[in-house]
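> Mind looking at a prediction? Sequence and model below.
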Amino acid sequence: MNNDYLIESFKKKEAQVCVIGLGYVGLPLCISIAKAGFRVIGIDLDKKKVDAIHNGFSYLKDVCSETLKKYREKGLIQVTSTYEKISESQVVIVCVPTP
């Protein structure tokens with residue numbers, strides 16, 4: 001993938017972003033990316049978080065369940081507990097806990 005292709009895919013909002021870690025930084029980031037009109041894949045190994053998001057439920061007080069559900073229904077936010085979807089993304093952002 002060359003830089004021109006990447007830049008053009010962002011201009012056309014065709015780029016897909018992957019966010020690894022759906023905690024208090026990662027999940028709000030997914031919402032922001034979706035609000036900007038991009039498709040985002042959220043990855044977290046915590047199956048309970050992934051299941052909650054699949055059901056349109058936010059486990060964070062800073063993320064409204066209605067907003068999350070809206071972007072899920074539009075197909076802008078997908079979530080998984082595996083890393084297979086990384087290869088489909090043009091950008092990968094890592095949001096994991098720090099000590």
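Arrived safely, thanks for sending. Residues are numbered from 1 along each chain as shown.

> got the buried residues for stretch 13-27?
Neighbour counts over stretch 13-27 (16 or more other C-beta atoms under 10 Å) mark A15, Q16, V17, C18, V19, I20, G21, L22, G23, G26, L27 as buried. Where you see a C-beta, it was placed from the backbone N, CA and C, and this is true even at glycine.

> Straight-line length of that stretch, end to end?
End-to-end span of stretch 13-27 (C-alpha to C-alpha, to the nearest Å): 20 Å.

> for the chain, which spans come out with low pLDDT?
The model of the chain has pLDDT under 70 over residues 1.

> can you pull out the strands in it?
Assigned by DSSP state E, the strands in the chain fall at 16-20, 39-43, 77-80, 91-94.

> Give me whichever of the ones you listed is most buried.
Comparing those by mean neighbour count (mean count of other C-beta atoms under 10 Å), strand 39-43 ranks first with a mean of 23.

> on that earlier part again, make CSV out of the strands of the chain and add distance to Y59.
Formatted as CSV, the strands of the chain follow (distance: least, C-beta to C-beta, whole Å):
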stretch, distance to Y59
strand 16-20, 15
strand 39-43, 13
strand 77-80, 12
strand 91-94, 20
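
> Of all these, which one comes closest to N3?
strand 91-94 (13.0 Å; C-beta to C-beta).

> Other residues contacting the closest one?
By C-beta atoms under 8 Å, 6 or more residues apart in numbering, the surrounding residues in contact with strand 91-94 are A15, Q16, V17, C18, V19, I20, G21, G26, L29, I86.

> what about 7 Å?
Residues outside strand 91-94 that contact it (C-beta atoms under 7 Å, 6 or more residues apart in numbering) are A15, V17, C18, V19, I20, G21, L29, I86.

> tell me the two of the buried residues of stretch 13-27 that are most distant?
The most widely separated members of the buried residues of stretch 13-27, counting by C-beta to C-beta, are A15 and G23 (23.4 Å).

> Done for today, thanks.
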